[in-house]
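Novice: coords please:
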Amino acid sequence: MFVRSYLRASTNEQDATRARAQLEAFANERGLSIAATYVENESGAKLARPELFRLLSDALPGDILLIEQVDRLSRLTAADWQNLRAELETRRVRVVALDLPTSWTLAVPADEFTGRMFSAINGMMLDVLAAVARKDYDDRRRRQAQGQARAKAEGLYRGRPEDAKRNKGIAAMLKAGASWTQIQNATGCSRATIAKIAKRAT
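Specialist: Residues are numbered from 1 along each chain as shown. Take a look at the predicted model:
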């Protein structure tokens with residue numbers, strides 16, 4: 001059994017490794033060691049997350065996927081969450097979350113009956129917290145859109161300020177012939193940003 005920790009933040013401006021010490025402390029308290037840590041800056045509302053699926057690809061049956069909170073794993077729609085749940089179940093990966101105490105029992109050996117019982121309870125609680133995380137995401141997006149609409153109506157909304165220094169560097173890398181993937185790796189920007197800057201240069 002390996003413990004694989006997963007750390008996620010939504011944007012490059014956020015520190016995805018913020019909870020690393022908490023996960024390590026949780027594992028140490030239970031005599032476990034974290035075999036691998038997977039870190040990425042991707043939205044939890046998006047199913048296609050390279051590091052999450054690299055973790056699942058590396059995992060063996062019975063391995064633990066350790067997270068700080070369920071919303072680090074999912075802010076997905078119901079359909080996408082069911083797809084991810086099916087992947088976890090197929091690979092027999094056990095999800096342990098610091099904010100889900102019922103999952104902590106999965107981090108210690110148990111007899112077959114106890115293990116099955118807590119797996120069932122944990123699965124139900126994961127579904128509930130995944131639904132709550134998605135609702136929170138939708139609520140925040142709605143409030144943000146309402147605030148922007150109000151600001152636009154009042155002539156106050158200007159949008160996010162452009163990172164001129166970064167974008168100048170991207171333009172220079174494009175001119176030098178760097179690939180979009182190389183630029184993404186160097187700057188952490190999205191492909192949409194590169195496309196916008198490339199379009200300006202034409």
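Novice: residue ranges for the helices of this protein, please.
Specialist: Across the chain, reading from the start of the chain, the helices by DSSP state H fall at 20-29, 50-58, 70-73, 78-91, 112-153, 164-175, 180-187, 191-201.
Novice: and of these, who's closest to Ser43?
Specialist: Smallest distance to Ser43 across the helices of the chain (Cβ to Cβ): 8.7 Å, for helix 112-153. For glycine as for every other residue, the C-beta is placed from the backbone atoms N, C-alpha and C.
Novice: Can you check what angle separates the closest one from helix 78-91?
Specialist: Relative orientation of helix 112-153 and helix 78-91, computed by axes from the mean of the first three to the mean of the last three Cα atoms, to 10 degrees: 150 degrees.
Novice: list the helices and strands helix 112-153 packs on?
Specialist: Under the contact definition 3 or more Cβ pairs under 8 Å, 6 or more residues apart in numbering; DSSP states H and E, helix 112-153 sits against helix 70-73, helix 78-91, strand 94-97.
Novice: so Arg92 touches Ile64, yeah?
Specialist: No - counting by Cβ atoms under 8 Å, Arg92 sits too far from Ile64 to count as a contact (10.9 Å).
Novice: Between the two, which is the more surrounded one?
Specialist: Taking Arg92 and Ile64 together and counting by other Cβ atoms under 10 Å, Ile64 has the greater number of neighbours (22 against 12).
Novice: So that one sits against Ala107, correct?
Specialist: Yes - using Cβ under 8 Å, Ile64 and Ala107 qualify as a contacting pair, with a distance of 6.0 Å.
Novice: Can you work out which residues contact both of those two?
Specialist: Residues touching both Ile64 and Ala107 by Cβ atoms under 8 Å, 6 or more residues apart in numbering: Val3, Leu32, Arg94, Val96.
Novice: show me what contacts the last one?
Specialist: Spelled out, it's Val96. Neighbour list for Val96: Ile64, Leu65, Leu66, Ile67, Ser103, Trp104, Leu106, Ala107 [criterion: Cβ under 8 Å, 6+ apart].
Novice: got a pLDDT number for it?
Specialist: The score at Val96 is 96. That number is its pLDDT.
Novice: Apart from its chain neighbours, what residue comes closest to it?
Specialist: The shortest distance from Val96 to any residue that is not its chain neighbour, by Cβ to Cβ, 6 or more residues apart in numbering, is 4.6 Å, and that residue is Ser103.
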